[in-house]
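Participant: Fold the following and give me the result.
(one chain, ligands or ions: 1)
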Amino acid sequence: MGIRVGIPRALLYYRYYPAWKTFFNALQAEVVLSPETNKEILDAGVRLAVEEACLPVKIYLGHLACLRDRGADLIFVPRVVAVEEKKYFCPKILGLPEIARCSVPGLPELLTVEVNMRKKARKVISCLKKAAAVFDCRPGTAEKAIRAASKAQKRYGLAMSRGGLTPADYLNGVQSAANNHRRLKVGVLGHAYNIYDLFLSMNIIGKLKDLGAEVITTEMLSFEAVRAGQECFSKESFWTFGHELLGAAGYFHKKGIIEGLVLVASFGCGPDSLICELVERYYRRRQEIPVLLITLDEHTGEAGVVTRLEAFVDMLQWRRQTL
Ligand code: SF4
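Facilitator: Numbering: from 1, shown residues only. Modelled structure (predicted):
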């Protein structure tokens, strides 16, 4: 049996899991994925994290504890700094390896790779090769694993931007999106680890679909569409997530492809407090598309979220019939 590499089903899992899994499988490692977030994982994360941590980081720590208890030999905790020029991930994501080590006692060894596209691409490749060396494979296997991972990531991106799938659809093996052009079009904007984690988000996307809406998210847009949408705002965000959320908000509005927008923010998230405010102001000034802001924390009640979503969708239906 190969080395068991634990991957927490949280934070950047929703963005890079196909690449990570392909990489480790090509190195003959066994990938151990933590389960879907549940109350136990949330409670463990809340106990382990400092009070000021945002909810997604608390949940990440709960997933780490779960992998520790499941006997993973190593846990993959990458440090993703930048994946494009002049844009950065949030400091909590940059500091994940340190946060993990200081917060969760008894963790097995952490496998940390730094991804920083501000440095030369060959630096990232040499970090990946260094990580691959842990698995004691034949010469050339690391290069093959990197190539296979990059192809898997490309397929994942295309399935979303061209195929209209969400990360959750793709990761659950859904092959094609079922679009119905008569349904209400609702944009849902938030970090992937918030809106696709069923427990954390209380399945906001599923509930909107049940209420008759077709949901459009940032991941379904191409890189070019996000860049074009960002131009609607006077300043570019230097946070990767902020850039994507502003870009999607601008693009949705500019192209008139949504009838309502649901913004999902995390309590305790600095970037969200700024970005959501900018998006809300932008939409409010134009008064064309209603916006619903939902802030999630560990105390958010499902009943309240359902009531707000139902009222929002009713209002959108009413607008469609009367305007
Ligand atoms: S962007 Fe916000 S929610 Fe995400 S890790 Fe950073 S502080 Fe937490």
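Participant: Can you give me the buried ones in stretch 85-104?
Facilitator: 87-90, 92-94, 96-97, 99-100, 103-104 (16 or more other C-beta atoms under 10 Å). (Each C-beta comes from the backbone N, C-alpha and C, glycine too.)
Participant: Which of those fall within helices?
Facilitator: Where the buried residues of stretch 85-104 overlap with helices, as defined by DSSP state H, the overlap consists of 92, 93, 94, 96, 97, 99, 100, 103.
Participant: The last one and residue 271, how far apart?
Facilitator: Distance, residue 103 to residue 271, using C-beta to C-beta, to the nearest Å: 21 Å.
Participant: Hmm, residue 165 is touching residue 159, no?
Facilitator: Yes. Taking contact to mean C-beta atoms under 8 Å, the distance of 4.9 Å between residue 165 and residue 159 places them in contact.
Participant: coming back round to it: among the buried residues of stretch 85-104, which pair sits farthest apart?
Facilitator: When C-beta to C-beta is used, the two most widely separated members of the buried residues of stretch 85-104 are 87 and 104, lying 28.8 Å apart.
Participant: how far out from the middle of the chain is stretch 294-314?
Facilitator: How far stretch 294-314 lies from its chain's middle: 20 Å, per C-alpha atoms, centre = their mean, to the nearest Å.
Participant: So what touches that stretch?
Facilitator: When contacts are defined by C-beta atoms under 8 Å, 6 or more residues apart in numbering, stretch 294-314 is touched by residues 42, 46, 55, 58, 184, 186, 194, 200-202, 204, 207-208, 211-213, 260, 262-268, 290, 292.
Participant: quick check, nearest of the ones in helices among the buried residues of stretch 85-104 to the ligand?
Facilitator: Comparing these against the ligand with C-beta to the nearest ligand atom places residue 92 closest, at 4.1 Å.
Participant: Contacts only, for the residue nearest to that closest one when sequence neighbours are not counted.
Facilitator: Once its chain neighbours are removed from consideration, residue 92 has its nearest residue in residue 57; the separation is 5.3 Å (C-beta to C-beta, 6 or more residues apart in numbering). Contacts of residue 57 were listed using C-beta under 8 Å, 6+ apart, and they are 11, 45, 49, 92, 99.
Participant: now residue 207
Facilitator: Neighbouring residues of residue 207 by C-beta under 8 Å, 6+ apart: 305, 306, 309.
Participant: Ok, residue 153 next?
Facilitator: Residue 153 neighbours (C-beta under 8 Å, 6+ apart): 16, 18, 19.
Participant: if you set the cut-off to 10 Å instead, what comes out?
Facilitator: Neighbour list for residue 153: 15, 16, 17, 18, 19, 20, 22, 23 [criterion: C-beta atoms under 10 Å, 6 or more residues apart in numbering].
Participant: swap in residue 212?
Facilitator: Residues in contact with residue 212 (C-beta under 10 Å, 6+ apart) are 180, 182, 183, 184, 186, 313, 316, 317.
Participant: among the residues you listed, who's most crowded?
Facilitator: Using other C-beta atoms under 10 Å as the neighbour criterion, residue 186 leads the contacts of residue 212 with 28 neighbours.
Participant: Identify the residue spatially nearest to that one, adjacent ones excluded.
Facilitator: Of all residues not flanking residue 186 in the chain, residue 213 sits nearest, at 4.3 Å (C-beta to C-beta, 6+ apart).
Participant: re the thing from before, pick out whichever of the contacts of residue 212 sits closest to residue 135.
Facilitator: Nearest to residue 135 among the contacts of residue 212: residue 186, at 44.1 Å, using C-beta to C-beta.
Participant: For the closest one, list each beta-bridge partner.
Facilitator: Here residue 186 sits in beta bridges with residue 215, residue 260, as judged by DSSP bridges.
Participant: how close does it sit to residue 192?
Facilitator: Separation of residue 186 from residue 192 (C-beta to C-beta) stands at 17 Å.
Participant: Quick check: residues of the stretch 101-250 of the chain near the ligand?
Facilitator: By the criterion of C-beta under 6 Å from any ligand atom, the positions of the stretch 101-250 of the chain lying close to the ligand are 191, 241.
Participant: just for the stretch 101-250 of the chain, where's the confidence low?
Facilitator: Applying pLDDT under 70 to the predicted model, the residue ranges of the stretch 101-250 of the chain that meet it are 178-181.
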